[in-house]
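Need coordinates for the following:
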Amino acid sequence: MSLSDRIEYRTYKITLVEPILGSLPSQRQVYQDLVAARAPEPDVEGAEEMAMLPTLPEGMDERTTVFLRNNDGWCSILDYQFFGFLKEAGNTLKDIVQYETTGKRAKSTKEGIAALRNKLGRYAFCGPRIIPLQKEPNGIFKRPLRRITKDGPMSCLATSELINAGVAFDVWIGLLPHGEVQWSVIEQCLEYGQMKGLGQFRGGGFGRFTFDLVSQSAM
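Okay, here's the model as predicted:
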């Protein structure tokens with residue numbers, strides 16, 4: 001049996017229960033230096049992402065964070081943005097996540113998985129590469145940012161494209177066989193999305209979501 005025959009896939013419907021903010025820089029040079037150049041294949045994936053950057057309307061702050069646009073012009077997120085959430089959830093839940101083990105006589109439940117973030121990065125993966133949300137953003141959201149610098153406190157305004165709650169999209173997750181990283185663990189990480197979601201300003205409650213299992217299959 002080949003390794004691919006042992007991979008199991010599940011598709012989940014993700015439904016936003018709070019608005020989501022665009023999280024990628026709209027300035028082409030900034031995107032090139034900070035995002036595209038770090039892609040596994042900058043000449044391929046990086047160039048693809050650069051081509052998906054939208055052109056901001058005249059007069060809009062060039063520092064606005066945005067959603068990329070797919071070939072049909074839809075606001076979209078990329079697979080690594082969703083997978084980044086999954087790994088963040090794993091890092092947060094690593095000491096309390098529960099999973100089942102099978103002993104000689106009976107099943108038992110254990111709590112905590114060391115280095116869960118790292119194990120998710122090695123044994124789980126997701127797609128599709130481009131995940132469309134909806135045709136156009138619903139508006140622009142501005143909020144104050146405050147930070148402490150060597151010169152003292154500083155404040156500025158952050159601006160992001162916004163998509164309203166209620167949007168739903170499908171993602172698939174593939175899982176390699178692993179004794180600890182089970183589907184129950186994946187779904188506990190997804191459940192964390194009700195508390196801390198996707199995109200910018202997650203700490204402010206943006207991007208929270210629920211999930212439903214759509215299908216599952218071994219390929």
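
The helix or strand F211 falls within pairs with which strands, and in what direction?
If you go by DSSP states H and E, F211 is part of strand 209-218. Paired with strand 209-218 in the same sheet, following DSSP bridges, are strand 8-16 (antiparallel).

any idea of the mean pLDDT for the helix or strand that the partner strand is followed by?
Per DSSP H and E, the first helix or strand lying C-terminal to strand 8-16 is strand 20-21. For strand 20-21, mean pLDDT rounds to 98.

Which elements pack onto strand 20-21?
Contact here means 3 or more CB pairs under 8 Å, 6 or more residues apart in numbering; DSSP states H and E; on that basis strand 20-21 packs against strand 152-163. In short, each C-beta sits where N, CA and C put it, glycine included.

count of residues packed around the closest residue to F209 other than its chain neighbours?
Leaving out its chain neighbours, the residue that sits closest to F209 by CB to CB, 6 or more residues apart in numbering is G193, at 4.6 Å. Neighbours of G193 under the rule other CB atoms under 10 Å: 23.

Next, G193: secondary structure please.
Assigned by DSSP: H, G, I helix; E, B strand; the rest coil, the conformation of G193 is helix.

list the contacts for it?
14, 85, 89, 207-211 (CB atoms under 8 Å, 6 or more residues apart in numbering).

Okay, buried residues for the helix or strand of the chain with the lowest mean pLDDT please.
When each helix and strand of the chain is scored by mean pLDDT, DSSP states H and E, strand 139-149 comes last, with a mean of 84. By 16 or more other CB atoms under 10 Å, the buried positions in strand 139-149 come out as F141.

out of the contacts of G193, who's nearest L176?
A89 (18.5 Å; CB to CB).

for this protein, what spans make up the helices?
For the chain, applying DSSP state H gives helices covering 28-34, 47-51, 79-93, 116-123, 183-191.

So which of those is nearest G73?
Closest approach to G73 among the helices of the chain (CB to CB): helix 47-51, 12.3 Å.

Residues touching stretch 81-90, excluding its own?
With contact meaning CB under 8 Å, 6+ apart, stretch 81-90 is reached by 23, 97, 113, 116-117, 119-121, 124-126, 131, 171, 173, 185-186, 189-190, 192-193, 196-199.

buried sites along it?
In stretch 81-90, counting by 16+ other CB under 10 Å, buried: 81-83, 85-90.

Using TSV, lay out those together with pLDDT.
TSV is the format used below for these (pLDDT from 0 to 100):
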residue	pLDDT
Q81	95
F82	97
F83	96
F85	96
L86	97
K87	97
E88	96
A89	97
G90	97
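
Format the residues you listed as TSV; extra columns: distance to V35.
Formatted as TSV, these follow (distance: CB to CB, whole Å):
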residue	distance to V35
Q81	11
F82	16
F83	15
F85	17
L86	19
K87	17
E88	18
A89	22
G90	22
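
Greatest separation within these: which pair is it?
Between any two of those, the greatest separation by CB to CB is 15.5 Å, found for Q81 and G90.

Give me the most central residue, this protein.
The centroid of the chain falls nearest to F82 when counting by CA atoms, centre = their mean (1.9 Å).
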